[in-house]
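Peer 1: The following comprises the amino acid sequence and a computationally predicted model.
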Amino acid sequence: MTQLRLFAILVPAVLLAACGGSDAANESTAAAGSTAPGDLGDNAPYDGIAADETVKFTGTEPFWGGEVTGDTLTYTTPEDPEGATIAVQRFGGRGGLSYSGEYKAMPFTLGITPGDCSDGMSDRTYPFNATMEVEGQIRTGCAYTAKRSPSGAQEQ
C-alpha cells in the first residue's frame, strides 16, 4: 500500500476518533490503559448530520468549497466554479463523518467534525470543521447544513 493511500485511510480515522467524549469517559478509558479518547463502549456512528442532509463546506488559502448530498460531492475552486462531481462513500465515525472517493485519479477525503469554526475572513461562526485531502494536500475549512447554519455577519 502506498504511503499516500495509507495516509488517506488513517487521517480521517484519526480525526474522527480524536473528537468527542467527556472528561469522565476519557478518564475511564485512561484508567483501563487505553489512549483513545471518548467512551470506548460507544460504538454508535456520529448522528449530528442525517444521511439525507446536504453538507456545504468552504475553505480559504487557496479558496475551495462545495457540497455533498448522498453519495455525490461537488468540489469547487475559483478555477472551476461549476465544480467537479465526485462519487463518495459516507462513513460515520464516533466523532464525525468522512466522505471518500477519487479525484483526478487520487484519493479524496473530506472529514466533518462538530465544533465552532471560523473561515478567517468573515465574522461568521460555522458549526463544523472540515478537513480535506485533495491532490495530496491537506486543507482545513468549515462546514454547515441547513439545520445547523453559520451564525454571525452574512457575507457580502
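Peer 2: Perfect, thanks for sending it.
Peer 1: can you give me the strands in this protein?
Peer 2: Taking DSSP state E, the strands of the chain run over residues 55-59, 64-69, 72-77, 80-92, 97-103, 106-117, 126-134, 137-144.
Peer 1: Quick check: buried residues in the fourth one?
Peer 2: Of the residues in strand 80-92, those scored as buried under the neighbour-count criterion (16 or more other C-beta atoms under 10 Å) are 86, 88, 90-92. To be clear about C-beta, it is placed using only N, CA and C from the backbone, and glycine gets the same treatment.
Peer 1: mind putting these in TSV, pLDDT and distance to Ser98 included?
Peer 2: Putting the buried residues of strand 80-92 into TSV (pLDDT from 0 to 100; distance: C-beta to C-beta, whole Å) gives the following:
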residue	pLDDT	distance to Ser98
Ile86	98	13
Val88	98	9
Arg90	97	8
Phe91	96	5
Gly92	94	8
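Peer 1: out of those, who's nearest Gly41?
Peer 2: Nearest to Gly41 among the buried residues of strand 80-92, counting by C-beta to C-beta, is Gly92 at 16.9 Å.
Peer 1: need the contact list for the closest residue to the closest one other than its chain neighbours.
Peer 2: Excluding the flanking residues, the one nearest Gly92 by C-beta to C-beta, 6 or more residues apart in numbering is Pro45, at 2.9 Å. Taking C-beta atoms under 8 Å, 6 or more residues apart in numbering, we find Pro45 in contact with 91-94.
Peer 1: Closest one of the buried residues of strand 80-92 to Thr60?
Peer 2: Ile86 (20.6 Å).
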